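Visitor: Coordinates for the following, if possible.
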Amino acid sequence: MSGELSGALRERVVIEQRLGAGWAAGEPRWAEVVPETAGVVQADGETRVQRRRWWVRCRAEFVPNLSMRVRWRGRALRLLRREEDPRAPGEVRMLVEDMDG
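Guide: This is a model prediction of the structure:
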């Protein structure tokens, strides 16, 4: 793993998989969590509230899918999209959205 990624992983997250009516928690892992939006978008003179979004970057030790969610600092974050960069095969980026509002 590159030293650049290792130095950036400062947050602890838990990836959870939907299991029937509940969630099964995986092992805690180190990740980088960066905000994507501020939570409020101005559109045509009206303010539209948007849920906060973050980019979560971690080691690619699993294959994220849309039935997963991320737990971070007590928040439940819905997985919206995943990206894998062919130049960085050992990592994965996930766009997540606050489920709690």
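Visitor: so where do the strands sit in the chain?
Guide: Using DSSP state E, the strands of the chain run over 11-19, 22-35, 40-43, 46-49, 53-59, 68-72, 75-83, 91-98.
Visitor: Which elements pack onto the longest one?
Guide: Read it as strand 22-35. Packed against strand 22-35 by the contact rule (3 or more CB pairs under 8 Å, 6 or more residues apart in numbering; DSSP states H and E) you find strand 11-19, strand 53-59, strand 68-72. In this view, the C-beta of every residue, glycine as well, is placed from N, C-alpha and C.
Visitor: which stretch among those comes nearest M94?
Guide: Proximity to M94, assessed across the helices and strands packed on strand 22-35 by CB to CB, is greatest for strand 53-59 (4.7 Å).
Visitor: relative to strand 75-83, how tilted is that closest one?
Guide: Interaxial angle of strand 53-59 relative to strand 75-83 (axes from the mean of the first three to the mean of the last three CA atoms, to 10 degrees): 70 degrees.
Visitor: helices or strands up against strand 53-59?
Guide: Counting contacts by 3+ CB pairs under 8 Å, 6+ apart, strand 53-59 packs against helix 3-8, strand 22-35, strand 68-72, strand 75-83, strand 91-98.
Visitor: Least confident of those, on average?
Guide: Note on those: helix 3-8 shows the lowest mean pLDDT, a mean of 63.
Visitor: picking that back up, reformat the helices and strands packed on strand 22-35 into JSON lines and put mean neighbour count and distance to V34 next to each item.
Guide: Below are those laid out as JSON lines (neighbours: other CB atoms under 10 Å; distance: least, CB to CB, whole Å):
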{"stretch": "strand 11-19", "mean neighbour count": "16", "distance to V34": "10"}
{"stretch": "strand 53-59", "mean neighbour count": "20", "distance to V34": "5"}
{"stretch": "strand 68-72", "mean neighbour count": "20", "distance to V34": "12"}
